[in-house]
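1. Quick one, what's the 3D model for this:
(chains A and B)
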There are 2 protein chains.
Amino acid sequence: MDENDKFLEIAIKEALKGGVFVRPNPMVGCVIVKNGKILASGYHKVFGGPHAEVNAIRKLDSKKLKNSSMYVTLEPCSTYGKTPPCTDLIIKSGIKKVVIGSIDPNPLHRGRGADILRKNKITVEFGSKEIEKKCEDINSYFFKNMKEKMPYVVLKLAGSLDGKIANGKYLSKWISSEKSRLYAHKLRAESDLIIVGSNTVLKDNPYLNVRDIKTRKQPSVCVIDLKLKTCQKSNIFSIKDRKVFVISDKTKDLGKNVEFIKPIFKNNELDLKKILKRFYDLGIRTVLVEGGGITVANFVKQNLFDKIYWFVSPIIIGADGISSIGLPLELKNGEIGMRLKIKKVSKLDCDILMELER
Amino acid sequence: MDENDKFLEIAIKEALKGGVFVRPNPMVGCVIVKNGKILASGYHKVFGGPHAEVNAIRKLDSKKLKNSSMYVTLEPCSTYGKTPPCTDLIIKSGIKKVVIGSIDPNPLHRGRGADILRKNKITVEFGSKEIEKKCEDINSYFFKNMKEKMPYVVLKLAGSLDGKIANGKYLSKWISSEKSRLYAHKLRAESDLIIVGSNTVLKDNPYLNVRDIKTRKQPSVCVIDLKLKTCQKSNIFSIKDRKVFVISDKTKDLGKNVEFIKPIFKNNELDLKKILKRFYDLGIRTVLVEGGGITVANFVKQNLFDKIYWFVSPIIIGADGISSIGLPLELKNGEIGMRLKIKKVSKLDCDILMELER
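-> Numbers count the residues shown, from 1 in each chain, chains lettered A, B, ... in the order given. The predicted structure is shown next:
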């Protein structure tokens, strides 16, 4: 691994410290290096707070900064947002070289930070393709948001070995592993909105809030409930100050934080793409679809997901269980099924977790 | 780890070299040690051939053997089988201590080897409980056979993420990983008999033989085919000199190596336990159940399996697919499903393999 990649790897580790607290902004990390030695590091700590570059530069005096090199996971910003442009600060600092992990995906800013640095006689370099992919992967939600102006969509499934999410009596409380449960709450903490079908609300009666881990906020909830079977007693309405969207043509009194959204159809199916677009316009950047089988199947059928977290518990339910994918996929071109890639498999106590991507 | 366990670990590695070639005998390995140094090692190489102890002792002269210690994964045999008793050879050899990994599970011989050694002034020691379990695990088929006089039963499932073994048109050729395919053939090579349902024969038309890897023999095949839908053209009948059992009340000409077995029922279900017992009496020690969903479900329902190898391909089939477990389990006591333990998860190229036990 060459020196650029080596220091970008360290910057990635810095970036990850930001966790969910920077969302919907990207996680960014940076290190400042002179004569092969790291003088300072910094990361973007919290949404709206100082950027990684600022946090690193502030740690050093002008003598140390002079002729140093900066390694940063994302192209430095060049515009006034919630903070002044990082390019200005870098130019003033005396840093002579900036090595960038990934280019800003925002079409309006893409490459501009690098250009401004070059015009001010700062050498701009890039890491390898591999490190670029790593820098993009840690912020896949941000890259999707910026490139497509659509929410990043995560499907969460928790099933048995034989692909069931509940037994024939809709009992589904078998995910016993504490680690699985905490991981599921982490996924919620990373999301702005949790989407479920009305059956999940009626059968499981979940709260759909983040518990037992630190979070920047409680995600909003959306229930797809065309026949409006949900009632005010459902636990999802009991979380204070949390917005709940209900997709239904009908309306009824479900409390003060509830907003009804009229369903949009295409070929007799709910047009989830239009609904997601609408949520994007409302500021939703990451969506977590938590079930049930029919809701998840609709997102799979309509090809509207970026990542799947599939928890498998070592239990066999049998043929009378409820399917994790509750609809036929009706694939064209004689495809047997929808092929994915297993990005990672982890053991979470007695369960396993597969991270899947297209 | 103490010295006994340390050398038994090395003996286990020796034992594993025997692989399928020693079956239905156990894999056994041994090392001979003096002054903390390994002087010789040996393993049971092939069914009917010399035991591990013999292979190790033969490598050393009487001077070296004198006052040495032997570490052996399984209690030395004390009876005339296909070879003379190992205890005799050990007593004559000059070995002064024998450390045993696991006791012979055969109720007729259990502990006798150790007793004979002690009576001949050889010190007998054992490894820890952990090493004992490891020594038993590598020969789980042998321990089951000896203790219960029943075949060791392995279920093999190959399914999609959503637990389907085929799409709605019974197409199932999606296991693409070369490693998965080879692993499946290894499971066949470890078996004396492969059991399938008639649907698997009719829909997939498999050969059910061992291909592309070394094997000591081709396993026999059993088709559960109560309505006798199988016909002579099926590929399972095309493997030369391979026995095929057909479980059916009816008979028809299916070729010369075919034997019909009358089905036995209990509570309107095929009594698989009695059928397995019958196969044990015919010399079958390890059975591999390869499907389909109903056959596998019957073995699960009747609690007649020792291990499951569950291959998962990263594909979603959808609700019209064929279930991996094709029947309700009808569990008593309000159990949601049958709980298992994931012993190991491996990535086989794009697929994953879960090894499950009770």
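2. Give me the distance between the residue of the stretch 51-200 of chain A at minimum distance from chain B and residue A:297.
-> Relative to chain B, the nearest point of the stretch 51-200 of chain A is residue A:163 (2.2 Å; C-beta to the nearest C-beta). Yep, even glycine has a C-beta here, placed from its N, CA and C like the rest. Counting by C-beta to C-beta, to the nearest Å, the gap from residue A:163 to residue A:297 is 12 Å.
3. contacting residues for residue A:216?
-> Residues in contact with residue A:216 (C-beta atoms under 8 Å, 6 or more residues apart in numbering or on different chains) are A:20, A:21, A:23, A:46, A:47, A:189.
4. Looks to me like it is in a strand.
-> No: counting by DSSP: H, G, I helix; E, B strand; the rest coil, residue A:216 falls outside a strand, being coil.
5. pLDDT wise, what is it at?
-> Residue A:216 is assigned 88 on the pLDDT scale.
6. Let me see the backbone angles for it.
-> phi -80, psi -20 (degrees, to the nearest 10).
7. From residue A:208, how far out is it?
-> Residue A:216 is 17 Å from residue A:208, by C-beta to C-beta.
8. now swap in residue A:49 and tell me
-> Shown here: residue A:49 relative to residue A:208, a distance of 28 Å by C-beta to C-beta.
9. ok, those two, which is more surrounded?
-> residue A:208 (25 against 15; other C-beta atoms under 10 Å in any protein chain shown).
10. residues in contact with that one?
-> So residue A:208 contacts A:188, A:194, A:196, A:219, A:221, A:235, A:236, A:239, A:290 (C-beta under 8 Å, 6+ apart).
11. Next up, identify which helix or strand it is on.
-> Using DSSP states H and E, residue A:208 falls within no helix or strand.
12. try residue A:200
-> Assigned by DSSP H and E, residue A:200 falls in helix A:198-204.
13. What does the pLDDT read for the most centrally placed residue in chain A?
-> Central residue of chain A (C-alpha atoms, centre = their mean): residue A:141, 4.5 Å from the mean position. Looking at residue A:141, its pLDDT is 97.
14. and it, which of the three is it?
-> helix.
15. Compute the first-to-last residue distance for stretch A:308-326.
-> 16 Å (C-alpha to C-alpha, to the nearest Å).
16. Pull out the buried positions in it.
-> A:308-319, A:321-326 (16 or more other C-beta atoms under 10 Å in any protein chain shown).
17. Narrow those to those in strands?
-> Under the assignment DSSP state E, those contribute A:308, A:309, A:310, A:311, A:312, A:313, A:315, A:316, A:322, A:323 to strands.
18. Contacting chain B as well, which ones from these?
-> Among those, the residues within reach of chain B (C-beta under 8 Å from any C-beta of the partner chain) are A:310, A:312, A:315, A:316, A:323.
19. okay, these in JSON lines with pLDDT next?
-> Output for these, formatted as JSON lines (pLDDT from 0 to 100):
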{"residue": "A:310", "pLDDT": "97"}
{"residue": "A:312", "pLDDT": "96"}
{"residue": "A:315", "pLDDT": "96"}
{"residue": "A:316", "pLDDT": "97"}
{"residue": "A:323", "pLDDT": "96"}
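20. Could you identify the most distant pair in those?
-> Within those, A:310 and A:316 form the most distant pair, 16.5 Å apart (C-beta to C-beta).
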